[in-house]
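Asker: Generate a structure from the sequence data that follows.
(2 chains)
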Amino acid sequence: MLPEQLEQLIDSAEQGDVASRERLFSVLYDELHRLAQRELRRGGQLAISPTTLLHETYLKLSGAESARFPDKARFLAYAAQAMRRLIIDYVRNRRAQKRGVGFAITSLRTEEPAHLEEQEEPHLDGLGEALAALGEINARLAQIVDLKFFCGFSFAEIAGLLSISERTVQRDWDKARILLQDHLLHHDPPLMGGGKS
Amino acid sequence: MNQAAPWTRVLALLDEALDLDPVEHERWLAELSAEDPVLAVKLRELLALHAANRSSKFLERSPLGPAEDLIAAQVGPYLIERLLGRGGMGSVWLGRRNDGKFEGRAAIKILERRGLGADAASHIRHEANFLARLTHPHIARLLDAGVRENGQPYLLLEYIDGEPIDRYCNSKALPLPQRLGLFVTILQAVAHAHAHLIVHRDLKPSNVLVTPEGAVKLLDFGIASLQVESRAPIESSARGLTPGYAAPEQLRGEPATTTADVYALGVLLYVLVTGEHPFGERSTTETELMRATLGEDPDLASERIAAAKERRRVRGDLDAIVARALSRDPAQRYPTAADFAAEVRAYLGNFPVRARPATRVYIAQKFAQRHWGGVLGILLTVLMLLGATGVTTLEAIEAHRQRDFARMQLGRAEAINDLNYYVVNDAGPAGEPITPKGLLARAEHVLERQHLTDANRVALLTSVGQEYEAQDDHASGLRILSQAYALSREVSDPSARAQAACTLAFSLSNESSSPKSAALIVEGLQALPDEPEFALDRATCLEWGKEVAQRAGQMQLALERSREAVRVLKQVPFPHEVAELHADETLASAMRYAARFREANDAFARGWPRFAALGRDDTIGAGIWLNNWAMDLFYLGRLLDTEGLLKRSIALEESGAPGRVASPTRLNNYARTLVELGRIDEAAEVAARAYREAERLDNQSAIFENRLWGARIYLAQRDLQHADAALDEAEPLMRKLLPPGHYVFAVLSAERALIARERHDFDDSRRLIDEAIRIAEQQSQRGGSPFVPLYLIYRADVELSAEQPSPAEADLHRALDLLRADAQPDDYSVYVGRAELILARVLSSEGKVSEARREAELAVKQLTQAEGPNHPETLLAAGITKTL
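Answerer: Residues are numbered from 1 along each chain as shown, chains lettered A, B, ... in the order given. Sure thing, here's the model as predicted:
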């Protein structure tokens, strides 16, 4: 895909065109997935960080030398969602593999006990649904979780990216986590169905 | 859409609650419950989740699991032993070589590929080859670079076991000069890299380590440049930037040049000087830090320092240096680390710092710190002060006339600042020491090319001329000052006219005392309207006038002028420590020349602690003060004290720069003191140095003084022929440079008398000493001379040798009366001691044994204190008390 086409796609997605948004998502996902696969083939585990992955995807899709695609912030807003999907898939896949091959990948680790991962991972499936619900309530809160948790950006970077203060990012992050935890606990957010005004 | 409404409400309430202190939540929930019990229950639940999220660190761990662990992994020829740190660009590990070829450790930096280009590996190799060429004792070397099997690039770096410089300075509680010394080393290393076109881009304390041996090492030079430049103003850490140290233009994504390093070094200097980050107090988050970097000016460094003495040291120059390095506009910063280093070195050596904004006071202070006192750099101090009057009163003064005056002075201050900038900026190609002479020649050259108003040109020429005078280069001084004076006749500006006239008067009086000098002082004073804004000019002219009068032997007039200068200085509407200190010095000096040694000594002793208070007790100016004080003590007859102060004074002057020789005047004084103390060999050595230096500088006054005191050395060595020759060399110079009847001619006659006595030519000796006393008496009538009692003692000595006890006794009593006139009970003086010693010998020759013994005992007391117990005269006096 050419940078101009990608930019057009972002434009129409921002104007609410559902088809464009889905097309954009799949383009981004495919590219992230391709790069991640390359990494996995090289090192056996995902040795590069998601931010690197995003960056390389950006370079790839925008054309590194092109000056016509300067808006990395807009790009990342969509790419972060694709990253969420990719990571959830990756972790699910890895867990399945681990169960099959008996924790081979973690054998090198000495500092961090492997069971920590086991504690976190069960959240991820539910988390995907919870984030989808959160995105319906407040898109920015979900986006901040994508950028922070899935993509590994710092608060400062997110603040720069979204043109809001770092304090607001921190506050939104707190609120997002509360609502996500609430969703995970109840599965069916009570206020969502019952509210009438 | 309806459904979103309750969530909107919930989120708003959450915001409200999260703004509160958790202890207030109960009360807040109770209030909410009264209004909407269902929502209150929900909010209570959500707040509990918030607390739980915080303690469980919900979503704070990467979904991909912990970061990669490389312990025991093989990277190139190294086996990784432990993690040294992680940062935005990747992780750093300590590796030990295990290929059997070499022993050794290396820091292994595994780079995150985010931020690296697609062909990262070849890019890194290329850059690494370039960086590996950078070798400097204070830069950690890049040993090699490579790519791991998984495509991750890594760098092998010299491993430095050290502490970040900020922590090191604090843990060692290093004093400011040592911190600055380390900082200059850093600047030199950075300058070296810059000279090889390598910019660091990420200088910060964690990249500047100090080893346990105290050596500074810069890490990661040029490594940030391995990152591909990103245009978007985000991902600062991914670009290898450190908020708080990255320059504003780096944060904006503009290319980083040497000035970006200068900025980071400015932050580092700020931290080293104050212990705090320039924006650390105001900014708690990275974004705030970045915002402050992009749009705010930090406090002056000195304002962050609590200790008063330390604050005073930093205020002014160092503030200006730091502020210039931290300019948000790169063009306003030091263009390179080398320029920056020159400035910090200048600060450490008390040379003018060009970062300093346009104040003439400042330049004056610098010159004053360097050559302060006596005849040196004085006018400049006061001249520059005027600039400050202009600046400080610019807004305060309403009257048109005064505002115009202030504007004019401000313009002059800017012109001087400009000159200063060019002079220091152009001076001293790398490695060459900056010499005052070199600076002045350059200043002169720059002046020729600059477009200036005539009044400003006069002011600048005048200051350059004075500096030449301060450097004892009278020929150049006279040339420039004559030029300034000629030009000043065509301008109406009273300050410029007055300064040009009075300074030229001083310069003329230097080599010959002409009526023209005296007339020029009067002319200069008349040029100045009697108004407060010209008070400083007036005081300055009076001070030059004092020097001129003194050189013409008009001591009373000199004293009056310096008293008048002190009085006039009080009209200046702002207090200034340097000016006050200077007023003390002028007055003390005038008192000394008016033979009021006791009062002068009090003034010197009073002023000395001010040097320490101003932090200047180790400056060259302090050395001059010590010299003048020492010579006062010389005439009070306290030779041991004189010797101690002169030694300190010379050491201070010679410590200014390697190979620097003290001024011939000061060396002459020292030689003369050593002769009096009977340390003839040392005196001869010092006098020889003084002579060489005086000849080199073509300082004719110093040459004849050197010959006068040199004659005494030859006399002590019983080399009468050379003693005569020395005086024969001095005399024509004196006739050329001094007015007839000047007190120095008394010295000449007295020295000839001593030689004649040594030849047992008592008649000739008597005639010569009579001549000396006659000149000295005339001098005393005009305003004081230390020489009358001294020569009376000489004469008594001659009379004793000629076996004429009664006139000798009369002369000695008269000398003692004069010497004791204003003495205090516990005073002591070598002259009193000598008079008593000779009196004891005279009395003993007359058979008055008990009186003689009494005088000898008194002499022992005086001489022991004044010259020491082992001086031949002291021993002689002690011998007399025993034999009688």
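
Asker: Could you check how many residues crowd around B:P529?
Answerer: 10 (other CB atoms under 10 Å in any protein chain shown). Any C-beta I mention is one placed from the backbone N, CA and C, and that applies to glycine too.

Asker: no, scratch that, I was asking about B:I186
Answerer: 25.

Asker: Model confidence score at it, please.
Answerer: The model reports B:I186 with a pLDDT of 94.

Asker: what about it, distance to chain A?
Answerer: 27 Å (CB to the nearest CB, to the nearest Å).

Asker: Same question for B:Q250.
Answerer: Taken as CB to the nearest CB, the span from B:Q250 to chain A is 14 Å.

Asker: just B:N669 next, same as before
Answerer: 66 Å.

Asker: The helix or strand harbouring that residue: how far from the chain's middle?
Answerer: In the assignment (DSSP states H and E), B:N669 maps to helix B:664-676. A distance of 27 Å separates the centroid of the chain from that of helix B:664-676, by CA atoms, centre = their mean, to the nearest Å.

Asker: Repeat that for stretch B:524-533.
Answerer: Its chain's average C-alpha position is 32 Å from that of stretch B:524-533, according to CA atoms, centre = their mean.

Asker: so for that stretch, what's the average pLDDT?
Answerer: The average pLDDT within stretch B:524-533 is 85.

Asker: nearest residue to B:L218 other than its sequence neighbours?
Answerer: B:I139 (4.9 Å; CB to CB, 6 or more residues apart in numbering or on different chains).

Asker: That neighbour contacts B:K217, correct?
Answerer: Yes - with contacts counted by CB atoms under 8 Å, B:I139 reaches B:K217, the gap being 7.0 Å.

Asker: Over to B:L84. Which of the three states is it?
Answerer: Three-state assignment for B:L84 (DSSP: H, G, I helix; E, B strand; the rest coil): strand.

Asker: right, and it touches B:R105 too?
Answerer: No - look at B:L84 against B:R105 with CB under 8 Å: they stay out of range, at 10.7 Å.

Asker: Which residues are in contact with each of these two?
Answerer: Jointly contacting B:L84 and B:R105 under the rule CB atoms under 8 Å, 6 or more residues apart in numbering or on different chains are B:L94.

Asker: Show residues contacting the helix holding B:N669.
Answerer: The contact list for helix B:664-676 (CB under 8 Å, 6+ apart) reads B:472, B:623, B:627, B:630-631, B:634, B:639, B:642-643, B:646-647, B:649-650, B:653, B:661, B:680, B:682-684, B:686-687, B:689-691, B:693-694, B:697, B:699, B:701-703, B:705-706, B:709-710, B:712-713, B:716, B:830, B:867.

Asker: just the helices in chain A please.
Answerer: Secondary structure of chain A, counting by DSSP state H: helices at A:3-14, A:18-43, A:50-62, A:72-101, A:115-137, A:139-145, A:155-162, A:166-186, A:190-194.

Asker: Turn those helices into a markdown table, including mean pLDDT.
Answerer: Formatted as a markdown table, the helices of chain A follow (pLDDT from 0 to 100):
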| stretch | mean pLDDT |
| --- | --- |
| helix A:3-14 | 79 |
| helix A:18-43 | 78 |
| helix A:50-62 | 74 |
| helix A:72-101 | 73 |
| helix A:115-137 | 69 |
| helix A:139-145 | 92 |
| helix A:155-162 | 81 |
| helix A:166-186 | 90 |
| helix A:190-194 | 37 |
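
Asker: and the spatially closest residue to B:V747 that is not a sequence neighbour, helix, strand or coil?
Answerer: Excluding the flanking residues, the one nearest B:V747 by CB to CB, 6+ apart is B:L708, at 5.8 Å. With three-state DSSP as the basis, the three-state label of B:L708 is helix.

Asker: mind listing what B:L708 touches?
Answerer: Per CB under 8 Å, 6+ apart, neighbours of B:L708: B:726-727, B:730, B:744, B:747-748, B:751.

Asker: Only the buried residues of the helix or strand just after the helix holding B:N669, if you could.
Answerer: Next helix or strand after helix B:664-676 toward the C-terminus (DSSP H and E): helix B:680-696. The neighbour-count criterion (16 or more other CB atoms under 10 Å in any protein chain shown) identifies B:680, B:683-684, B:686-687, B:689-691, B:693-694 as the buried residues of helix B:680-696.

Asker: just checking, what packs against helix B:680-696?
Answerer: Applying 3 or more CB pairs under 8 Å, 6 or more residues apart in numbering or on different chains; DSSP states H and E, one finds that helix B:680-696 contacts helix B:664-676, helix B:700-716.

Asker: Highest average neighbour count across those: which stretch is it?
Answerer: Highest mean neighbour count among the helices and strands packed on helix B:680-696 (mean count of other CB atoms under 10 Å in any protein chain shown): helix B:664-676, with a mean of 25.

Asker: re the thing from before, how about the helices and strands packed on helix B:680-696 in CSV, adding mean pLDDT and distance to A:E22?
Answerer: Compiled in CSV, these are given as follows (pLDDT from 0 to 100; distance: least, CB to CB, whole Å):
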stretch, mean pLDDT, distance to A:E22
helix B:664-676, 92, 91
helix B:700-716, 91, 95
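
Asker: want to try a markdown table for those helices, with distance to B:Y468 as columns?
Answerer: What follows is the helices and strands packed on helix B:680-696, written out as a markdown table (distance: least, CB to CB, whole Å):
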| stretch | distance to B:Y468 |
| --- | --- |
| helix B:664-676 | 16 |
| helix B:700-716 | 16 |
